[in-house]
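>>> Next input, structure requested:
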Amino acid sequence: MKAALLFFAFVLGSASASGQDDAAAMAMQQAQQASQQAIQAAQQAMDQATITSQQTAITNLQMQQAAANASSSGCPGPIIGAASQPTFSVKQGKVAAGTVVRIKSATHYAAIYYTTDGWAPTKASTRYTGPITINAKTHIEAIATGPNLLHSSIVRVDYTVDAPATASAPQAPLVTDGVLRAGTALRLVTNSEVSSQTAGVGDKIPLLLDQDVKVGDTVVAAKGTPVDAILTVADPAAKRTVPGDLVFEVHALNVHGVSIPLKGGETLEGEAGRKPKEAIIEPGMVVPVAVAANTSLKP
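Numbering: from 1, shown residues only. Take a look at the predicted model:
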């Protein structure tokens with residue numbers, strides 16, 4: 001009996017010791033898991049801090065670049081909106097010859113640019129500096145710009161005058177001494193219709209020379225000679241008042257194997273509104289350009 005009691009006590013002691021060992025092992029395992037989780041959390045926090053730091057650096061760099069671009073373009077600060085549309089002192093329609101039209105914008109310190117040839121105005125167009133006198137049928141398109149502002153949408157007006165029709169005189173020939181010098185003005189004209197709905201970037205714009213170019217009495221470049229011009233922007237009209245746009249650049253006039261480099265181009269924008277319109281270049285629109293480099297001509 002005594003031996004049996006001793007054996008039972010031994011078994012109980014062994015079981016107790018085994019349970020203590022298992023509890024200790026489990027506690028150690030849990031501590032290791034907690035330590036690993038803490039290390040992973042710390043690593044993730046460090047990674048997130050690095051990403052945030054990199055994003056902040058990129059944002060700062062982008063802001064610095066934007067500021068530098070604004071500074072180099074003459075803009076003293078960030079773009080904050082668009083200028084107010086120009087308004088005209090005289091309502092469009094039939095007016096008396098000699099009518100004076102003034103243009104203004106509600107934007108403080110606004111600069112106004114306008115055209116009368118059907119092309120869309122840009123900052124390269126004529127700047128409004130005083131009243132415009134209407135003595136014949138006149139189409140005016142104008143935009144307003146202001147400090148730190150995008151230019152306004154285009155405003156278009158048409159004036160007609162009761163006056164006897166007069167035939168337009170043919171464009172005078174350009175007479176040279178054998179050299180077509182840089183800066184010399186040439187007149188071109190569009191030759192067919194081009195629509196922003198169907199045109200694409202890289203398409204050729206059909207332009208023709210609108211005057212003879214002579215060396216003495218000899219015509220070296222006849223009126224009607226094709227001119228190289230390429231579309232650089234061709235955006236069709238879209239919903240929500242976005243009109244179509246066309247922009248082209250004039251490159252060269254090729255005459256008897258001689259390439260005369262030219263400098264110029266135009267922009268055309270359709271009318272905005274609930275149903276925005278396509279930009280459509282029509283035949284007969286005048287395109288003024290300039291010779292880009294001195295070029296010898298062969299008579």
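
>>> What's the local residue count around the closest residue to Tyr128 other than its chain neighbours?
Nearest residue to Tyr128 in three dimensions, chain neighbours excluded: Ile112, at 3.9 Å (CB to CB, 6 or more residues apart in numbering). All C-beta spots, glycine's among them, are computed from the backbone N, C-alpha and C. Neighbourhood size, Ile112 [other CB atoms under 10 Å]: 23.

>>> Please apply the same query to Val100.
Counted with other CB under 10 Å, residues neighbouring Val100 total 12.

>>> is it true that Ala229 lies in a strand?
Yes - the assignment for Ala229 by DSSP: H, G, I helix; E, B strand; the rest coil puts it in a strand.

>>> what's the distance between it and Gly202?
Using CB to CB, to the nearest Å, Ala229 is found at 12 Å from Gly202.

>>> Looking at those two, which one has more neighbours?
Comparing Ala229 with Gly202 by neighbour count (other CB under 10 Å), the higher total belongs to Ala229, at 24 against 9.

>>> Could you find the closest non-adjacent residue to that one?
By the measure of CB to CB, 6+ apart, the closest residue to Ala229 outside its immediate chain neighbours is Ile205, 4.1 Å from it.

>>> Poorly predicted segments of the stretch 1-150 of the chain, please.
Scanning the stretch 1-150 of the chain for pLDDT under 70 picks out the ranges 1-28, 30-80.

>>> So which bits of stretch 114-124 are buried?
Using 16 or more other CB atoms under 10 Å as the burial criterion, the residues of stretch 114-124 that qualify are Tyr114, Thr115, Gly118, Trp119, Ala120, Pro121.

>>> And stretch 231-245, by the same measure?
Across stretch 231-245, burial judged by 16+ other CB under 10 Å covers Leu231, Ala234, Asp235, Pro236, Ala237, Pro243, Gly244, Asp245.

>>> got the contact list for that stretch?
If you take CB atoms under 8 Å, 6 or more residues apart in numbering as the criterion, stretch 231-245 is touched by 194-197, 199-205, 246-249, 265, 267-274, 276-280.

>>> coming back round to it: quick one: secondary structure of the residue nearest to Tyr128?
Ile112 ends up strand, using three-state DSSP.

>>> Equivalent analysis for Gln29, please.
helix.

>>> That one: how many residues sit nearby?
Count around Gln29 with other CB under 10 Å applied: 10.

>>> do the same with Thr160
Other residues within reach of Thr160, judged by other CB under 10 Å, total 14.

>>> If I look at the residue positioned nearest the centre of the chain, what pLDDT would I see?
Nearest to the geometric centre of the chain sits Val233, at 8.8 Å (CA atoms, centre = their mean). With respect to pLDDT, Val233 scores 96.

>>> Before I go, just wanted to say thanks for your time.
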